[in-house]
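structure here, sequence nowhere to be found:
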């Protein structure tokens, strides 16, 4: 008895290997598709973030400009308030009492003007003689050590009979 064994090489297809390869290929393709989708989604979101940042910067700039405008309005209001406070704190009693005590009737006071910006008081006076005006200025300066009155200008009025002298006297506080 002689057994003859024939070893036949069978050419079986490895279905399990091909199935696994197919599944891995599908999985890889799905991963690539998901990655591309996520990548496009991320780039869209980055564009939206950039647009929102730009919009935020523009809003911030507009808010800064309005706050700067408000600040300038506030500065103007503060400056005006300071001017008002300064004018309210002006020593009118001192100035007017000095003028009242000084005037003896020889000098006519034509006008009293006060300029708040320069803090200067101006008297326009008229007298028959320049010496009377000089004595008037000396009397104004008797009690005022800090604020000196002085003659700024004078003019001889030849049209009037008798001729008079019109003068401007200034005081800076």
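Sure, I can see it. Please read all numbers here as calculations on a predicted model, not as lab measurements.

quick check: mean pLDDT of the host helix or strand of residue 152?
For residue 152, the host element (DSSP states H and E) is strand 149-157. Averaging pLDDT along strand 149-157 yields 88.

packing partners for it?
Applying 3 or more C-beta pairs under 8 Å, 6 or more residues apart in numbering; DSSP states H and E, one finds that strand 149-157 contacts strand 120-127, helix 130-140, strand 164-172. The way it works is simple: take the backbone N, C-alpha and C, and place the C-beta from them, glycine included.

contact partners of the lowest-mean-pLDDT helix or strand in the chain?
Ranked by mean pLDDT, DSSP states H and E, the helix or strand of the chain with the weakest confidence is helix 92-102, at a mean of 78. By C-beta atoms under 8 Å, 6 or more residues apart in numbering, the residues outside helix 92-102 that reach it are 109, 112, 121, 123, 136, 139, 140, 143, 144, 171, 173.

can you redo the helices and strands packed on strand 149-157 as JSON lines with mean pLDDT and mean neighbour count?
Shown next, in JSON lines, are the helices and strands packed on strand 149-157 (pLDDT from 0 to 100; neighbours: other C-beta atoms under 10 Å):
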{"stretch": "strand 120-127", "mean pLDDT": "88", "mean neighbour count": "19"}
{"stretch": "helix 130-140", "mean pLDDT": "87", "mean neighbour count": "17"}
{"stretch": "strand 164-172", "mean pLDDT": "87", "mean neighbour count": "19"}
